[in-house]
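Enquirer: Provided below are the primary sequence and the corresponding predicted coordinates.
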Amino acid sequence: MTLFLRRRVPGWFVKAMTNASVPDQLRLASRLYEDGNLAAAEQTCHAILTLEQDQFDALCLLILIKCRQRRRQEGARLLSVARQRNPRTAQGWHKCGLVEAALGHQAEALVSYDRAVALEPGHADAHRNRGNVLGDLRRFTEAVASYDRAIALRPDDAQAHNNRGGALRDLNRFAEALASYDRAIALRPDDADAHYNRANVLCDLRQLNEALASYDRAIVLRPHHVGAYNNRGNALRDLKRFDEALTNFNRAIALKPDLVAAYNNVGNMLGELGRLEEARQLFASAIERTPRAVSHYYYLSAFKRFTVGDPHLAAMEQLARDMPALPDDERIRLHFALAKGYADLGEHERSFHHIREGNALKRRRIVYNEAETLRSMARIRSVFTDELMRVGGNGHPTHVPVFIVGMPRSGSTLVEQILASHPMVFGAGELRDFGGCVARLVDRSGAPVHFPDGVQTLAAEHFHRLGADYLGRIRTFHPTAQRITDKMPGNFNFVGLIHLALPNARIIHTRRDPIDICLSCFSRLFASGHQYAYDLRELARYYRAYEAQMAHWRRVLPAGVMLEVQYEDVVADLEGQARRIVAHCDLEWDEACLAFHSTERAVRTFSNSQVRQPIYGDSIGRWQPYAKLLGPLFEELGGGAPPEPRSD
């Protein structure tokens with residue numbers, strides 16, 4: 001049993017502990033562990049094991065201590081001994097699950113928790129921790145069920161409510177997640193992490209000012225809460241309060257100088273503001289500090305063009321030699337960064353290999369119910385009939401909003417930049433506010449209105465209230481602009497409701513060659529959402545559903561509400577198309593719209609460096625070098641074979 005006696009325990013400590021019972025010693029060790037006094041907790045465990053070498057509980061606690069001390073190899077060596085000492089009771093299996101999960105053996109931990117709850121169905125801690133492991137395994141629906149069982153057994157378990165909120169958030173069930181966090185805080189008001197988690201889901205719901213208040217509460221409770229400062233910066237960034245955002249990011253970095261996420265946030269914000277060279281330099285210097293931080297290379301790839309012999313590409317290739325040892329998230333980003341590097345060099349097959357591998361890894365890590373997504377889109381078309389659309393005129397009469405909709409990578413950023421260059425227009429970027437307003441809709445009884453079916457039950461006052469709610473939100477970005485653009489592409493599903501709530505709003509549908517759109521989506525690692533984009537066949541089927549959606553809106557919308565803009569036409573005739581766009585928004589022409597690349601504003605998109613350049617056509621026909629690799633895409637789009645290459 002010398003395995004766990006390597007660390008010498010002072011004789012005076014052993015002698016002092018002999019006067020206490022083993023249960024008392026274990027309680028002391030547990031309390032020291034919970035208080036963060038790991039050295040004393042470890043010493044206490046060794047004292048127990050010196051006196052009673054088969055003490056299973058002390059052995060398990062020692063493994064947890066070593067995990068928190070980042071001495072995981074030592075903990076792993078002790079795990080086999082702990083399994084041998086397991087008394088095979090519900091509590092024994094529960095403790096085995098704890099140490100297995102701490103060591104990253106999630107599948108084994110799940111087996112242990114299953115055995116614990118089979119022996120003792122009322123073991124609330126085992127149900128809660130089983131939920132934690134299911135969450136780690138990305139089985140979020142099952143995780144929620146485990147948390148529900150734990151809460152049924154122990155309704156005042158604040159940690160179970162908090163963790164349940166995390167699983168619901170991963171399922172994009174944000175309102176339910178918020179309710180779970182609120183319950184956790186009601187039970188334990190001084191839990192900084194619960195306030196922090198609440199703030200994060202409020203950001204998901206676009207309730208940014210309320211999120212700031214929750215981040216502030218988390219920081220009051222834990223002044224060195226690095227995550228709260230970093231994510232508070234993200235909320236401020238979304239509110240266009242860039243100087244304050246930078247202050248928060250820098251505070252997070254000061255607290256944790258190796259915080260990769262904060263450096264990435266600063267670099268990307270500099271890119272949004274058009275300070276591209278500063279962004280490049282920041283990521284390059286970040287790589288010098290942490291040369292194995294894959295995300296730095298990934299974000300740098302958006303701000304530079306790789307050339308033969310590029311040292312950053314060589315460094316990524318070196319990292320790729322150890323690809324299996326990297327966490328999945330880093331492997332995904334490395335694949336996409338390498339794909340960008342090889343594409344810049346014209347090595348299209350090597351580039352596509354990494355695109356395909358990165359997408360396959362990402363697809364395995366996300367929850368995407370394709371059947372439900374396509375069924376929901378079809379349901380929208382069935383709800384927004386000609387008859388319903390004739391209700392028009394009952395919404396809010398404002399002329400301020402301009403919605404730019406379509407597929408991602410369809411030219412929406414270019415169109416918004418043209419409009420935002422007009423002195424009477426404020427470009428707000430991709431806003432999730434309209435969807436957030438829809439999610440908060442309630443009927444006269446106060447019950448939630450579920451989109452799309454619930455729209456049929458709404459009265460004129462509801463449409464007006466929805467429009468007023470949205471207007472109030474976008475007015476916070478600019479109180480006097482004649483027009484404010486919202487270029488959230490996915491709002492194409494809300495086009496009918498947008499018109500009912502805001503009949504004088506203008507809608508611009510950006511279009512582009514479908515194969516170029518799909519390849520461009522497949523080549524990008526989206527920050528969130530767009531779960532359809534990581535498999536070529538699923539992507540093509542989603543594109544066809546989107547086309548059906550837009551065909552429906554063309555049919556039921558009144559003339560003059562929606563303008564369709566083809567990206568290739570904008571490239572071929574910038575002034576002609578820019579004049580169409582400006583006229584559609586009922587604005588006088590302004591020559592500044594032709595110098596869109598000179599407009600100083602925040603542009604939050606992976607292509608923010610592209611809109612800082614004059615118009616160019618390099619992206620047209622981008623798919624052609626990849627034609628022989630895109631068979632599944634062509635088949636699902638209905639052609640079966642690639643189209644003939646364009647003569648130009």
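Expert: Looks like it arrived, so ask away. Numbers count the residues shown, from 1 in each chain.

Enquirer: Need the nearest residue in space to N172, chain neighbours excluded.
Expert: Excluding the flanking residues, the one nearest N172 by CB to CB, 6 or more residues apart in numbering is D204, at 8.0 Å. The C-beta positions use only the backbone N, C-alpha and C, and glycine is treated the same way.

Enquirer: Can you give me the pLDDT of that neighbour?
Expert: D204 is assigned a pLDDT of 89 by the prediction.

Enquirer: same question, G490
Expert: For G490, pLDDT reads 94.

Enquirer: State the number of residues packed around it.
Expert: 17 (other CB atoms under 10 Å).

Enquirer: So what does it look like in phi/psi?
Expert: phi -70, psi -10 (degrees, to the nearest 10).

Enquirer: same thing with V402?
Expert: Here is the backbone geometry of V402 (degrees, to the nearest 10): phi -130, psi 120.

Enquirer: Now do the helices for the stretch 101-250 of the chain: every range, in order, please.
Expert: Taking DSSP state H, counting those that start in this stretch as the criterion, the stretch 101-250 of the chain contains helices spanning 106-119, 124-136, 140-153, 158-170, 174-187, 192-204, 208-221, 226-238, 242-255.

Enquirer: May I have the residues that are in contact with the residue nearest to N172?
Expert: Residues near D204 by CB atoms under 8 Å, 6 or more residues apart in numbering: 169, 172, 174, 177.

Enquirer: Check those for burial and list the buried ones.
Expert: In these, burial by neighbour count holds for 169, 174, 177, counting by 16 or more other CB atoms under 10 Å.

Enquirer: what about the second one, distance to A218?
Expert: It refers to F174. As judged by CB to CB, to the nearest Å, F174 and A218 stand 18 Å apart.

Enquirer: ditto for the first one
Expert: Here the distance between R169 and A218 works out to 16 Å (CB to CB).

Enquirer: Also S412?
Expert: From S412 over to A218 (counting by CB to CB), the distance is 35 Å.

Enquirer: same question, A109
Expert: 28 Å.

Enquirer: ok, V415 touching V565?
Expert: Yes: using CB atoms under 8 Å, V415 and V565 qualify as a contacting pair, with a distance of 5.8 Å.

Enquirer: So for these two, which residue has more residues nearby?
Expert: Set V415 next to V565 and count neighbours by other CB under 10 Å: V415 wins out with 27 against 24.

Enquirer: now what about stretch 536-546, what contacts it?
Expert: 368, 370, 373-374, 377-378, 407, 492, 514, 517-518, 521-522, 532-533, 630, 632-633, 635-638.

Enquirer: Now do the buried residues in that stretch.
Expert: The neighbour-count check on stretch 536-546 (16+ other CB under 10 Å) flags 536, 538-543, 545-546 as buried.

Enquirer: Among those residues, which ones are in helices?
Expert: When DSSP state H is applied, those are split such that 536, 538-543, 545-546 fall in helices.

Enquirer: Export the residues you listed to JSON lines and append columns for pLDDT and distance to V226.
Expert: JSON lines is the format used below for those (pLDDT from 0 to 100; distance: CB to CB, whole Å):
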{"residue": "L536", "pLDDT": "96", "distance to V226": "39"}
{"residue": "E538", "pLDDT": "97", "distance to V226": "37"}
{"residue": "L539", "pLDDT": "97", "distance to V226": "36"}
{"residue": "A540", "pLDDT": "96", "distance to V226": "42"}
{"residue": "R541", "pLDDT": "96", "distance to V226": "41"}
{"residue": "Y542", "pLDDT": "97", "distance to V226": "37"}
{"residue": "Y543", "pLDDT": "97", "distance to V226": "40"}
{"residue": "A545", "pLDDT": "96", "distance to V226": "41"}
{"residue": "Y546", "pLDDT": "97", "distance to V226": "40"}
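
Enquirer: of the residues you listed, closest to L38?
Expert: Nearest to L38, judged by CB to CB, of these is E538 at 46.7 Å.

Enquirer: so what secondary structure elements neighbour the helix or strand that contains P632?
Expert: Using DSSP states H and E, P632 sits in helix 631-637. Packing partners of helix 631-637 (3 or more CB pairs under 8 Å, 6 or more residues apart in numbering; DSSP states H and E): helix 514-522, helix 536-556.

Enquirer: Endpoints of stretch 46-65, how far apart?
Expert: Using CA to CA, to the nearest Å, one end of stretch 46-65 lies 11 Å from the other.

Enquirer: Okay, buried residues for that stretch please.
Expert: Those would be 46-50, 53, 55-65, for stretch 46-65 by 16+ other CB under 10 Å.

Enquirer: out of everything not next to it in sequence, what's closest to G97?
Expert: Nearest residue to G97 in three dimensions, chain neighbours excluded: S112, at 3.6 Å (CB to CB, 6+ apart).

Enquirer: For the one you found, grab the count of nearby residues.
Expert: Residues within reach of S112, counting by other CB under 10 Å, total 25.

Enquirer: mind checking how far it is from Q91?
Expert: In this view, S112 and Q91 are 11 Å apart by CB to CB.

Enquirer: now swap in V571 and tell me
Expert: Going from V571 to Q91 by CB to CB gives 68 Å.

Enquirer: what do you get for Y215?
Expert: Y215 sits 38 Å away from Q91, going by CB to CB.

Enquirer: right, and R381 touches M550 too?
Expert: No: under the criterion of CB under 8 Å, R381 lies out of contact with M550, with a separation of 10.5 Å.

Enquirer: ok, L59 - contacts?
Expert: Going by CB under 8 Å, 6+ apart, L59 touches 4, 45, 49, 78, 81-82, 85.

Enquirer: okay, G11: pLDDT?
Expert: Confidence at G11, expressed as pLDDT, is 49.

Enquirer: And the strands in this structure, which stretches?
Expert: Per DSSP state E, the chain carries strands over the ranges 401-406, 425-427, 483-486, 506-511, 562-566.

Enquirer: and the contacts of D204, which two are the farthest apart?
Expert: Taking CB to CB, no two of the contacts of D204 sit farther apart than N172 and A177, at 9.0 Å.

Enquirer: which sections of the stretch 301-450 of the chain are below the confidence cut-off?
Expert: Within the stretch 301-450 of the chain, the stretches with pLDDT under 70 are 392-393.

Enquirer: quick one, phi/psi of Q207?
Expert: phi -100, psi 70.

Enquirer: now it, nearest residue through space, not along the chain?
Expert: Here the residue nearest Q207, using CB to CB, 6+ apart, is G436, at 7.5 Å.

Enquirer: what's the answer for L26, then?
Expert: The shortest distance from L26 to any non-neighbouring residue, by CB to CB, 6+ apart, is to D57 (5.6 Å).

Enquirer: Let me know the pLDDT of the one you found.
Expert: For D57, pLDDT reads 83.

Enquirer: likewise H597?
Expert: With respect to pLDDT, H597 scores 72.

Enquirer: That one: how many residues sit nearby?
Expert: By the criterion of other CB under 10 Å, H597 has 17 neighbours.

Enquirer: Would you check how far apart it and H422 are?
Expert: Distance from H597 to H422, by CB to CB: 14 Å.

Enquirer: got it, and A101?
Expert: On the measure of CB to CB, A101 and H422 end up 56 Å apart.

Enquirer: Those two: who's more crowded?
Expert: It is H422, of A101 and H422, that has more neighbours when counted by other CB under 10 Å, with 26 against 22.

Enquirer: Run through the residues that contact that one.
Expert: Taking CB under 8 Å, 6+ apart, one finds 483, 582, 587, 590, 592-593 in contact with H422.

Enquirer: Same check on D193?
Expert: Counting by CB under 8 Å, 6+ apart, D193 has contacts 162, 218.

Enquirer: what's the spacing between the nearest residue to Q531 once chain neighbours are set aside and D329?
Expert: Of all residues not flanking Q531 in the chain, Y368 sits nearest, at 3.7 Å (CB to CB, 6+ apart). Remark: distance between Y368 and D329 (CB to CB) = 17 Å.

Enquirer: same check, this time on L259
Expert: Applying CB to CB to L259 and D329 gives a distance of 16 Å.
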